[in-house]
Every structure is written in C-alpha cells, then in structure tokens.
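>>> Turn this into a model:
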Amino acid sequence: MATLADVARRAGVSTATVSRIINNSPKPVAEALRERVLAAVAELQFVPNANAQQLARADRTAVGVIVHDVSDPYFAEITRGLQRVATDHGRLVIICNSYRDPERELAYVDLLHAHQTAAIVLAGSGYVDAPITARLDGKLRLYQSTGGRVSVIGRHEHAGDAVVPENEPGGYLAGDALYRLGHTAVGVIAGPRHLTTTTDRLAGLRRAAKEHGHRLGAKQVVYADFDRNGGAAAAATLLEQNPGLTAIAALNDSMAVGALACLRERGIDVPGQVSLIGFDDMPISVDVTPPLSTVRLPLEEIGVRAMSLALRDGDREGPLVEHAAAKLVLRGSTAAPPAR
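Coordinates of the predicted model:
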C-alpha cells in the first residue's frame, strides 16, 4: 500500500507539499506542481489516511450518532432523517449501537470525542438513573468545550440542543381514546422500566385513566423489552393477570405486533373481544390485520430536525429545544368493548 512518502518521491516534492495538496490546504501551490502530485497519487493508487486528514484540516467532517439499536424500526426511521441531513452537509455518519447499555453509551461518547467528530447526536431514550445521567452530561459538556456540538432526542437534562417527542401527551392520547370508547379494563405493555421514554408514555396513560375515573393497578402494567417478543410475552401475562381485560395499550408498535400475535394464537378477536393500540406509527402498522391503531410520531422528521440542530451555523446564545407533536391514528384494531 503506497504511503505519503512514496507519493512525495514519485512527484519529486516534500511530504509536506503532498499533504497540503491532498488536504486542500489554503496555502498556494503552483498548478503544475499540483498536477504532478495528483498524477503520482493516481499512479500509485494512494489512499489518504482519514485520521491524518482529520488532524490536518481545520473543519471536522464526521458526525457521531448513538442509537439504542438501529435494527429497531423506531431508530431506523430516525436514522434515515439524520443521514439525509448529514449527506446534504457532506458529512460522514458514524452510527453506534448502545443496545440500551448506559455504560456502552458513555464509552461511545468518549470514542467519538477522541475521533474529533463535528457533532454527536444521542437518538435514544434517557435513563431513569441520576448518576448515569450526570456522568453522561459531564462528558457531553466536556465535548462541547472542545468545539463539538450536541443534539439529543427524547432526553431529559442534557447538554446541547434537543428534539423532544411528545411522549407523555402521546400516552395520554392512547389512553383517552380507549376510555372514550368505553373500556374500563385496560392493560398496558410498557417498555423497559429504566428508560425515560417508558416512564413518560406511561405517565400519559395514567393521566388519561385518572381523568376518566380509573387507575392502572400493578397487575395492569407489564414491563418488557421494546420488541415483538417482549410484547407477546407481556400480552400473555396481562391476559392471565386480568381475565376481564378488554383493551391493551402497547408503548411501541413492535410490542403491539407481538401482542396481536399472542391474541391471535389464543383465538381472541381484535377488536371484537380485545382492542389494541400501539405507539410510533411504524410502517408495519398498516400491514397487519387488523390495521393497528397507534399514536404517530414524525420519526424521520425528528431525525432531520436533530441533525439540523447539530450542524446549524451561527453563534449560539443557548440550547434550542424543539417539540415533535404526537397524533392519534385510529384504525381497525380498536372498537367499543363487547357488550356484557
């Protein structure tokens, strides 16, 4: 593999001259010299070292994105929006999966800082853990102090700009819809207990229950992983613990799809016997039978807005916070409870 020194020897110039030319240094270079160096680069098939280029340039070209799991449809949609904006700005996106491990997330912030990325976007729920939150915030503030920019999605009390999905209002919309249909025996498939997205959405459901004169008892809420299998297992538990259940609210659509499979396997008609509502409005929501009622968040737009904040130009007087509205979408999986 050709080196910078090989190119310099072939072109008959110093390595410093080669470096200035391939890194587009503002220092003037004679055109004939530039052409000779570029000809040597092509002849030797020289590939510049990205890390060395980063150090040689005044600007930072890469941005880091930390998600819980890019294979999760929620994060796939958000990442689509993030990458669209980054591409428009000529930025390379480094995607890191934390798999909902806060220690891994902290390590990724350090790694992206060490690689001198232009920005870090945290695109996953925060944690119901004050010490972890404080440690992460400290690392982000240190990164900002060295010129890096920070943008977070759905996080509480962190440095940087933020896009805040309406998780609590969305949870309220889901609960209110079920209670307005006449349901009184409602179960909830919640996500992991330690995530703020779970607590926010569940708080909205509890608010709706209270307004309608009901409450969600301990047996009516089952915590599970934010995926299909978690939803199926939680639905089975809810049905066993609440024999008279007539409605289930799942705190994301992947869990709702798992719940739908569980109900189908047990011969329970949806929505004839049990209504089901999800959250996020994933593309699969309209493809299942019956089509899934859900709470829509503009996920790709959230990604667009978060990356736009991270890469915005100009002086900053303080962090910006933008809210992403939740919208109720009623389809075929919800109806009035069966007559007793």
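
>>> okay, CA-based contacts and neighbour counts for the rest of this
Will do.

>>> Distance check, the residue nearest in space to the middle of the chain against residue 226.
Nearest to the geometric centre of the chain sits residue 123, at 3.4 Å (Cα atoms, centre = their mean). The gap separating residue 123 from residue 226 is 15 Å, by Cα to Cα, to the nearest Å.

>>> that's a strand at residue 26, yeah?
No. Membership of residue 26 in a strand is not supported by DSSP: H, G, I helix; E, B strand; the rest coil, which gives coil.

>>> follow-up on the earlier one: the residue nearest to the centre of the chain touches residue 163, doesn't it?
No. With contact defined as Cα atoms under 8 Å, residue 123 does not reach residue 163; the gap is 9.4 Å.

>>> what residues are shared contacts of those two?
152-154 (Cα atoms under 8 Å, 6 or more residues apart in numbering).

>>> Filter these down to just the ones in strands.
152-153 (DSSP state E).

>>> Confidence-wise, which of the shared contacts of residue 123 and residue 163 comes last?
Within the shared contacts of residue 123 and residue 163, the minimum per-residue pLDDT falls on residue 154 (90).

>>> ok, the residue nearest to that one when sequence neighbours are not counted - contacts?
Leaving aside its chain neighbours, residue 154 sits nearest to residue 164 (4.7 Å; criterion: Cα to Cα, 6 or more residues apart in numbering). Going by Cα under 8 Å, 6+ apart, residue 164 touches 153-155, 321-324.

>>> still on that earlier bit, ranking the shared contacts of residue 123 and residue 163 by neighbours, who comes first?
residue 152 (28 neighbours; other Cα atoms under 10 Å).

>>> Domains in this structure, by residue range?
4-56, 62-165+300-326, 167-296 (automatic domain parsing).

>>> and the shortest one, how far out from the chain's middle?
To tie it back to what came earlier, the one meant is domain 4-56. From the chain centre to the centre of domain 4-56 is a distance of 39 Å (Cα atoms, centre = their mean, to the nearest Å).

>>> now swap in the second one and tell me
With Cα atoms, centre = their mean as the basis, domain 62-165+300-326 stands 8 Å off its chain's centre.

>>> Tell me which stretches of the stretch 151-300 of the chain form strands.
161-165, 186-190, 221-223, 247-250, 275-277, 294-296 (DSSP state E, counting those that start in this stretch).

>>> List the strands paired with the second one, with their directions.
Note on strand 186-190: by DSSP bridges, its sheet partners are strand 221-223 (parallel), strand 247-250 (parallel).

>>> Let's see that strand as CSV, backbone CA atoms only.
The C-alpha trace of strand 186-190 is given here as CSV (Å, rounded to 0.1, in the frame of the first residue of the first chain):
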residue,chain,number,x,y,z
VAL,A,186,-57.2,-1.6,30.2
GLY,A,187,-53.8,-3.2,30.3
VAL,A,188,-50.5,-1.7,29.4
ILE,A,189,-47.5,-3.3,27.8
ALA,A,190,-44.7,-0.9,28.9
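
>>> This completes my enquiry, with thanks.
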